[in-house]
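J.: pasting a predicted model and its sequence here:
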Amino acid sequence: MLNKLLFKNQDRKQLVIAIIGAFMGITFLITSIHYLIKVNEFGEGEDILGPNTIIVQKEVSNASTLGLSKTDFSLNEIEKMKANHFIKDVKPVLANNFDIFFKIDDPLVPPFSTVIFIQTVDPDFIELDEIDWNWKEGDEYVPMIMPRDFIVMLNTFMSANNIPQVSDDLAKDIKIVFELSNKDNSQKETVKVKIVGFTSEVSSLLVPESFMTYGNDKFSDGSKQKITQIMISGEESKFGLVEEMLKKRGLESKDSQMIVGRLKSMVGTLFLVVLGISIIAVFVSGLVLIQYMQLLMSRNAYEVRTLMRMGHHPKKIIRMFFVYFVKIFGIVASLGLVLFFIFKFFLDDMFSTGGLYIGTEITIGSIAALLIAYLLFAFASYRTATKGIFNEY
Amino acid sequence: MKIKLDKVMPQPLASIKHSDKSIWGNEIELSPQKKILLNASSGKGKSTFATTVFGLRDDYSGTITYDGRDIRTLNVDDWTEIRMNKLSVVFQDLQLFPKLSVRENLLLKNSLTDTYSEEELKQHLTMLEIEDKWEQKCGLLSMGQQQRVAIVRSLAQPFEWLIMDEPFSHLDEENTQRCLKLIDARANKINAGFVLTTLGDDHNFNFDQELNL
């Protein structure tokens, strides 16, 4: 009866407009947040380096070949790059200043050995969640991150020898040693090495900085080490600016790294725009719904006043208005969620067809955004209802 | 519940000269279970009395107390409890819901305390000869019929006082007597009192007290 008294005789045009606005806003809000998160997650976990991280070096020109221009980085150059707002961090990539020999020392794998080149990067740039990236003198193994190209080469070698190829997991169990030596071979040391991860972004073997320092201290000829490569970590969705800076400074990187970064940056920006529009749409439609609540209360001022005079508690009437509008928003949010799932079905398929294999699981962020929008609306409804009803008291 | 008016003077009536016997500006006590007639000509403040004692107006000087408690100190919970169980009212403008039926108007009040069954409410309407209006919208009833609905609604709750502001103004004498009989019987049954404001007619009822404005 109370529902009939307060809500039956109303002009629903404004309500319908607000509901449509909220419905569309909510749908796009969840969709854009979901895909924004998914795009940012794209590439994560597949490589040991962070998804927004690239290794760059100076472009080698004829002038640099002739020694007329430098190909190494000064500390001043690194600091200048770091000062840009779209750069998270810049760190030098250190290389070995001593001889190092890579050798497979496993009875199950045919003997393989080669002179190699090792590098080390700052631990901040490595996804270290499941890796023990520490080493100190006396440890049984030196942890090592291997370039994926290296394992491909190893598998080609094994295949040519009629030996079964190895997966990433099996490769981690191959017994490997490094033979470290100085230039005149007067000093030598053999250390055991364990593969802890793989990377497509670095062409050399990566080892902990402590091991590099140990090797350089013990086996180098004392010459000053040059920084020829640096690692740059860019801010999310600002890869375009990073790319522009690289171009301006005559720096180059692996194309695959650049393409992923560029793609993520573009799609991320697109979804950010959609997100911004969605937030405005949800906010405006929420505001229209709240305004409609005020209008409804003002049209029912006589009824509300009389009910309270009859002995109906104001809180009961507040609850009536609050529940009515929270229910409407709840239904709108649920319908928005359903439409999001329909969108998701088609969009996931579209991304997958286009070669972007993003995860299909629902992101907590999109559901959290829906909950936050709902809670904010519930709070605003309660405040508006309380104010409106007590105005009539 | 004892209602006391201590030198109460509503602001809109402050400029008017009131008699020594007027309730305005004097000390008046409404003792429990009394049946009181408030007799005055138009513009003397009968509706002001009803709305002020019912706690709808605050524009007065002096003090009104319920059982010694200043009604200005009552909070929302107190007023809800009082209006639900202790003080009932028939407003001069009746304050029914015109878009709801007679049944819905009565049940909306009755549902707060479950004072009557639907059958008993119908019996009340029968006594006042408007039982056929049970499903009719209040907005379509005549003023006299609406007054009778408002009276039945005011009885559909427990109360210690019933304040009625010219409730019979659109009723003929026969219907007035029926209503008064119903009100009196209900007041006697629950040991309640009532205040009836009129324009001078006592409706041949034996009131315990007569107040003037």
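T.: Everything's here; your move.

J.: how many neighbouring residues does residue A:371 have?
T.: By other CB atoms under 10 Å in any protein chain shown, 12 other residues sit near residue A:371. To be clear about C-beta, it is placed using only N, CA and C from the backbone, and glycine gets the same treatment.

J.: how about residue B:29?
T.: When neighbours are defined as other CB under 10 Å, residue B:29 has 12 of them.

J.: which residues touch the spatially closest residue to it that is not a sequence neighbour?
T.: Using CB to CB, 6 or more residues apart in numbering or on different chains and skipping the chain neighbours, the partner closest in space to residue B:29 is residue B:4 (5.0 Å). Shown in contact with residue B:4 (CB atoms under 8 Å, 6 or more residues apart in numbering or on different chains): B:27, B:28, B:29, B:30, B:63, B:64, B:65, B:68.

J.: and residue B:38, backbone torsions?
T.: Residue B:38 has phi and psi values of phi -110, psi 110 when expressed as degrees, to the nearest 10.

J.: these two touch, right, it and residue B:195?
T.: Yes - checked against CB atoms under 8 Å, the pair residue B:38 and residue B:195 is within contact range at 5.7 Å.

J.: sorry, back to before: which of the contacts of residue B:4 ranks first by neighbour count?
T.: residue B:30 (22 neighbours).

J.: and the closest residue to that residue other than its chain neighbours, what pLDDT?
T.: Leaving out its chain neighbours, the residue that sits closest to residue B:30 by CB to CB, 6+ apart is residue B:3, at 4.1 Å. On pLDDT, residue B:3 comes in at 94.

J.: so what's residue B:3 bridging to?
T.: Using DSSP bridges, the bridge partners assigned to residue B:3 are residue B:30, residue B:66.

J.: you'd agree it is up against residue B:63?
T.: No - when contacts are counted by CB under 8 Å, residue B:3 is not listed as touching residue B:63 (11.4 Å).

J.: phi and psi next, for the residue in chain B positioned nearest to chain A.
T.: When scored by CB to the nearest CB, chain B has residue B:84 as its residue closest to chain A, at 3.4 Å. Per-residue torsions, residue B:84: phi -90, psi -30 (degrees, to the nearest 10).

J.: that one: neighbour count?
T.: Counted with other CB under 10 Å, residues neighbouring residue B:84 total 19.

J.: skipping adjacent residues, who's closest to it in space?
T.: residue A:311 (3.4 Å).

J.: surely the one you found meets residue B:115?
T.: No - using CB under 8 Å, residue A:311 is not in contact with residue B:115; the gap is 11.3 Å.

J.: anything in contact with each of the two?
T.: Both residue A:311 and residue B:115 are in contact with residue B:157, where contact means CB under 8 Å, 6+ apart.

J.: buried residues in stretch A:217-236?
T.: By 16 or more other CB atoms under 10 Å in any protein chain shown, the buried positions in stretch A:217-236 come out as A:219, A:220, A:227, A:229, A:230, A:231, A:232, A:233, A:234, A:236.

J.: averaged pLDDT, it. What do you get?
T.: 80.

J.: list phi and psi for the closest residue to residue B:87 other than its chain neighbours.
T.: Closest residue to residue B:87 apart from its sequence neighbours, by CB to CB, 6+ apart: residue B:161 at 5.2 Å. Main-chain dihedrals, residue B:161, degrees, to the nearest 10: phi -140, psi 140.

J.: pLDDT score assigned to residue B:161?
T.: 96.

J.: ok, it - how many residues close by?
T.: 25.

J.: so it sits against residue B:193, correct?
T.: Yes - using CB under 8 Å as the test, residue B:161 is close enough to residue B:193 to be in contact (5.5 Å).

J.: got the contact list for the residue in the stretch 1-150 of chain A positioned nearest to chain B?
T.: Closest approach between the stretch 1-150 of chain A and chain B, counting by CB to the nearest CB: residue A:1, at 5.3 Å. Residue A:1 is in contact with B:100, B:104, B:107, B:108, B:111, counting by CB under 8 Å, 6+ apart.

J.: for it, give me the pLDDT.
T.: 83.

J.: likewise for the one 4 residues further on?
T.: Residue A:5 is assigned a predicted lDDT (pLDDT) of 88.

J.: contact partners for the nearest residue to residue A:140 once chain neighbours are set aside?
T.: In space, residue A:140 comes closest to residue A:192 once its chain neighbours are excluded; the distance is 6.2 Å by CB to CB, 6+ apart. Contacts for residue A:192 (CB under 8 Å, 6+ apart) come out as A:140, A:141, A:142, A:175, A:176, A:177.

J.: look up how far residue B:53 lies from the residue nearest to residue B:87.
T.: Separation of residue B:161 from residue B:53 (CB to CB, to the nearest Å): 8 Å.

J.: shared neighbours, those two?
T.: Shared contacts of residue B:161 and residue B:53 (CB under 8 Å, 6+ apart): B:3, B:195.

J.: which stretches of the stretch 151-300 of chain A have low pLDDT?
T.: Within the stretch 151-300 of chain A, the ranges that satisfy pLDDT under 70 run A:201, A:236-237, A:254-264.

J.: ok, and the closest non-adjacent residue to the residue in it positioned nearest to chain B?
T.: Chain B sits closest to residue A:300 of the stretch 151-300 of chain A, with a gap of 10.3 Å, by CB to the nearest CB. For residue A:300, ignoring the flanking residues on the chain, the nearest one in space by CB to CB, 6+ apart is residue A:6 at 5.3 Å.

J.: how many neighbours does residue A:295 have?
T.: The tally of other residues near residue A:295 (other CB under 10 Å) stands at 15.

J.: packing partners of the longest helix anywhere in chain B?
T.: Criterion DSSP state H: the longest helix present in chain B is helix B:173-189. With contacts defined as 3 or more CB pairs under 8 Å, 6 or more residues apart in numbering or on different chains; DSSP states H and E, helix B:173-189 has these neighbours: helix B:118-127, helix B:143-155, strand B:161-165, strand B:193-198.

J.: got these as a markdown table, with distance to residue B:93 columns?
T.: Shown next, in a markdown table, are these (distance: least, CB to CB, whole Å):
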| stretch | distance to residue B:93 |
| --- | --- |
| helix B:118-127 | 21 |
| helix B:143-155 | 9 |
| strand B:161-165 | 9 |
| strand B:193-198 | 13 |
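
J.: so how many other residues sit close to residue A:141?
T.: When neighbours are counted by other CB under 10 Å, residue A:141 registers 16.

J.: so the residue nearest to it when sequence neighbours are not counted is in which element?
T.: Once flanking residues are discounted, residue A:141 sits nearest to residue A:194: 4.1 Å by CB to CB, 6+ apart. Following DSSP states H and E, one finds residue A:194 within strand A:188-199.

J.: then that strand to PDB, C-alphas only?
T.: Output of strand A:188-199 as PDB, limited to C-alpha atoms (Å, rounded to 0.1, in the frame of the first residue of the first chain):
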ATOM      1  CA  LYS A 188      90.400 -20.100 -13.900                       C
ATOM      2  CA  GLU A 189      87.300 -21.000 -12.000                       C
ATOM      3  CA  THR A 190      84.300 -23.300 -12.700                       C
ATOM      4  CA  VAL A 191      80.900 -22.500 -11.200                       C
ATOM      5  CA  LYS A 192      77.600 -24.500 -11.500                       C
ATOM      6  CA  VAL A 193      74.700 -22.600 -13.200                       C
ATOM      7  CA  LYS A 194      71.000 -23.100 -12.900                       C
ATOM      8  CA  ILE A 195      68.500 -21.800 -15.400                       C
ATOM      9  CA  VAL A 196      65.700 -20.000 -13.500                       C
ATOM     10  CA  GLY A 197      63.800 -18.300 -16.300                       C
ATOM     11  CA  PHE A 198      63.800 -17.300 -20.000                       C
ATOM     12  CA  THR A 199      63.600 -14.000 -21.800                       C
END
